[in-house]
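Asker: what would the 3D arrangement of this be:
(2 chains)
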Amino acid sequence: MRLLTEAFEPDAARLGVSPAQPLLRLAAAGTALLALGAVVEGIGLSRSGGRALQIAAVHGGLVAGAFALLHPRKRCWLRVGSAVTAALLCAAWLSEATAWGCVAYLLPLIALGWRARHVPGLGWGGGSPAVRVRHVAVGLAVGAILGAHLLVTATLTFGYTVGVESPLAYVRAVAYDAGANAVSAAWFFYGALFSWLWRRLDFGRATAGATAAAVVRYLLDPALPRTVEAAAGAVFYVSVLGIASCALRARAGSAAPTYAATVAFFAAYRRLSGW
Amino acid sequence: VSAALLLLAVASAMALGGGAASPARHLFLLLVGWVAVTRGSPAGVAAGLMAGLFQAPMVLPLIEAEGFGAHAVDGAAAMALPLAAGHLLGSMADELRGRGSRLHALLAVQQAVGSAGSSALEDQLGRVAEEVRRALGAARAGVVLLADGQAPVVASAPPGATLHPQSAAAWVAQGGITLAVADLDTDERFGAHGEEGAPRRGLVLPLRTGATAFGALALETRGDLSPGARLAAEEIAMHLALALENARLGMLKRHFTEELEARIASATRSLRELDRAKSDFVSVVSHELRTPLTALVGFTELLLTRDVPAERARRWLGHVHGEAQRLTRIVDDLLDLSRIESGSARDLVARAPVDLGAMIERNVELFAAAHPRHRFTAHADRPVIVPGDADAIDRVVKNLLSNAVKYSPGGGPVTVNVSAAPGSPPMVEISVEDEGIGIAPEALSRIFDRYVRIADPATVRVPGLGLGLSLVRTLVEAHGGRVSASSEPGRGSRFSVLLPA
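Answerer: Numbering: from 1, shown residues only, chains lettered A, B, ... in the order given. Coordinates of the predicted model:
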């Protein structure tokens, strides 16, 4: 019992090293990479290369930011961030350039698992308690229920249809979600940001903060259709998904169940057509 | 899972029979209420949210088709109500459960601390820590009590925690300031161990009944420590402090009672011993009086009834005179005893400069002449002057020398020393040493008591009333001094008298 058994220094600063510096550096690097991607795409040098650069900048930056936020002292954010960003760049380019290149979206997951296996709280196994199959199954169920709800509601209200225009496009979109979108959401928003906030605030406020940040991120996503119902749906479903993800993270101590929920939800979402 | 399935069943019933306006929608409230009451607020909110989600596909098309008309508003209300009910009922159930457990904890705390005497304080506090831990849903709880000059008392649940002198609990117990820690794992004041699962909250509350704290109640939780739990912890800390203070006062009362009982028992025992000693004393006095009186009566009868040659008559008269002097000494001792018992010895001693060296030399010469089998030696730093009553001090010296002679029946050396005693205030020591039969260790503590004569086969024939050493002590103490004895059976004794210089 630390309050009894360990030395306490009342005059020491309560909070340790601030993550502001590595986060600012990451933001600068991410913006630069994003701008480079836009330029490459804009001048018509390589459309797929430009998009790959943008995907790597956003999602790689968020993953690196997750490590910088929780472990600002260690240089793991640089090690993991660069590996995941490189893997994302490779995967995104291959996915854009070749028919079945989307399989390369496994690379960021492997890079993450390999480079972050010893980082407390941010490996696939998470902190303590270790991730369990039960938690991952619950995550999958939550994502699937929410996704099914989205499909039912959307088809009943706005006249969207459930279906897949092209199986390959569907697989490619799901691969992107599994290898980039869900990774950055699960590691940054519902992983590091939620944990960082929870160590300073109560569960409710931490959940609200992490969920709000995730909602803003999806509203800013250029891939989101610019319609009112799509924006309202994004706010509603990302909020519910965020609350469930934070609860899963708190329960399991790992990003894996949250990742499973996000992948399951987006797998359902990608079946919605008629935008 | 069963609640989710039931909610799904209700949603299916709604979809099949009337959509958003189906009367089955009211069942959501029932189900959510049941979940909230049995599982608490988070489960109630989750169930309410689920009920809202299940209704949404039926209500939202209605809103889209009709706008916010009567049916749409009714549907929207039916969507929102389970969520509100889940939160409200769950919070009330949580509050009730919390109150119940807090009340239980308070009673348990009172019971554990109130059962003082039945077990050690650590065990009682261990039970308190366990009750507090359980009532507040904490991962760990600890109680620390500080006491001046004593080792702190520490108890924890789970047991086994020890107290670091610079720990947060010790800091709070000494300073009396409440300490709340958002996360023990990452807080730099605890050395920042690194993130590990959910945050580990910490709360340390001082235990106090007045201005100063005398202990601390420490709690560690995994995850949130709700404001309600914190309030409950503060309430428990206050009650615990009061209970401990009451227990301390109760313990003091018990100690006082026990001490009083012990003193009364000791006084009763002393009185009984005194009574027995007085009976013995009467018996001894009777014997001591009878011996010279028998001699007096016998010799005077012989002188009166017989014609005795003058020389023999003179010798007999000498015996009569000796026995009369012995009687006089006995009567003097009895008179002194009477004065001591009236408590006026201190008032009776005069205060005048007394030359101890001269007094010792005179007495040693006197005793050497009367007891040729003993070898008397006196060492005195002359002049040694003390303020006191010359007669009383002379009496003391004579009694000590007389004892040395009486308890060295085979003769031997008797050494008297007079010297300045080391230390402050300045004192003079008179010591009388013999190589006689000595005193048993268990009897040493009683030899200065009144009427006490140590039962010993070697001294049973030694005449005396058992008043000599009692008189010595009384007279010495009347001078502001003290007397002590050390002895080794068979090797002799040493008596030491310290008088203020």
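Asker: against B:His374, how distant is B:Gly468?
Answerer: B:Gly468 sits 17 Å away from B:His374, going by Cβ to Cβ, to the nearest Å. C-beta here means a position set from N, CA and C on the backbone, and glycine is covered the same way.
Asker: how about the helices in the stretch 51-200 of chain A?
Answerer: Under the criterion DSSP state H, counting those that start in this stretch, the stretch 51-200 of chain A contains helices at A:61-70, A:76-97, A:106-115, A:133-157, A:167-176, A:182-184, A:194-198.
Asker: right, and those helices - which one's nearest chain B?
Answerer: helix A:133-157 (4.7 Å; Cβ to the nearest Cβ).
Asker: contacting residues around that closest one?
Answerer: Contact with helix A:133-157 is made by A:160-162, A:229, A:233, A:237, A:240-241, A:244, A:248, A:251-252, A:254, A:256-269, A:271-272, B:53, B:56-58, B:60-61, B:64, as judged by Cβ atoms under 8 Å, 6 or more residues apart in numbering or on different chains.
Asker: just the buried members of those residues?
Answerer: Buried members of these, counted by 16 or more other Cβ atoms under 10 Å in any protein chain shown: A:160, A:233, A:237, A:240-241, A:244, A:248, A:251-252, A:254, A:256-269, A:271-272, B:53, B:56-58, B:60-61.
Asker: restricted to helices, list those residues.
Answerer: A:233, A:237, A:240-241, A:244, A:248, A:251-252, A:256-269, B:53, B:56-58, B:60-61 (DSSP state H).
Asker: so where's the stretch 101-250 of chain A shaky on pLDDT?
Answerer: The model of the stretch 101-250 of chain A has pLDDT under 70 over residues A:121, A:123-131.
Asker: go again using 90 as the cut-off
Answerer: A:101-105, A:107-136, A:145, A:148-170, A:186-187, A:191-192, A:195-196, A:199-204, A:219-236, A:247-250 (pLDDT under 90).
Asker: measure B:Arg375 to chain A for me?
Answerer: For B:Arg375, the distance to chain A (Cβ to the nearest Cβ, to the nearest Å) stands at 71 Å.
Asker: ok, B:Ala139 - how many residues close by?
Answerer: B:Ala139: 16 surrounding residues under other Cβ atoms under 10 Å in any protein chain shown.
Asker: my guess is it meets B:Gly223, correct?
Answerer: No - B:Ala139 lies out of contact with B:Gly223 (Cβ atoms under 8 Å); the separation is 9.0 Å.
Asker: what sits closest to B:Ala47 if chain neighbours are left out?
Answerer: Counting by Cβ to Cβ, 6 or more residues apart in numbering or on different chains, B:Val35 is the residue found nearest to B:Ala47 once chain neighbours are left out, at 4.1 Å.
Asker: not counting residues beside it along the chain, what's closest to B:Ala241?
Answerer: Using Cβ to Cβ, 6+ apart, the nearest residue to B:Ala241 is B:Leu207, at 4.1 Å.
Asker: so that neighbour: helix, strand or coil?
Answerer: Secondary structure, DSSP: H, G, I helix; E, B strand; the rest coil: B:Leu207 is strand.
Asker: so A:Asp177 makes contact with A:Thr262?
Answerer: Yes - with contact defined as Cβ under 8 Å, A:Asp177 counts as touching A:Thr262 (7.4 Å).
Asker: tell me if I am right that B:Glu220 is in a strand.
Answerer: Yes - with three-state DSSP as the criterion, B:Glu220 is assigned to a strand.
Asker: the closest residue to it other than its chain neighbours and B:Val181, how far apart?
Answerer: Distance criterion Cβ to Cβ, 6+ apart; nearest residue to B:Glu220, sequence neighbours excluded, is B:Arg140 at 4.2 Å. Note on B:Arg140: its distance to B:Val181, by Cβ to Cβ, is 13 Å.
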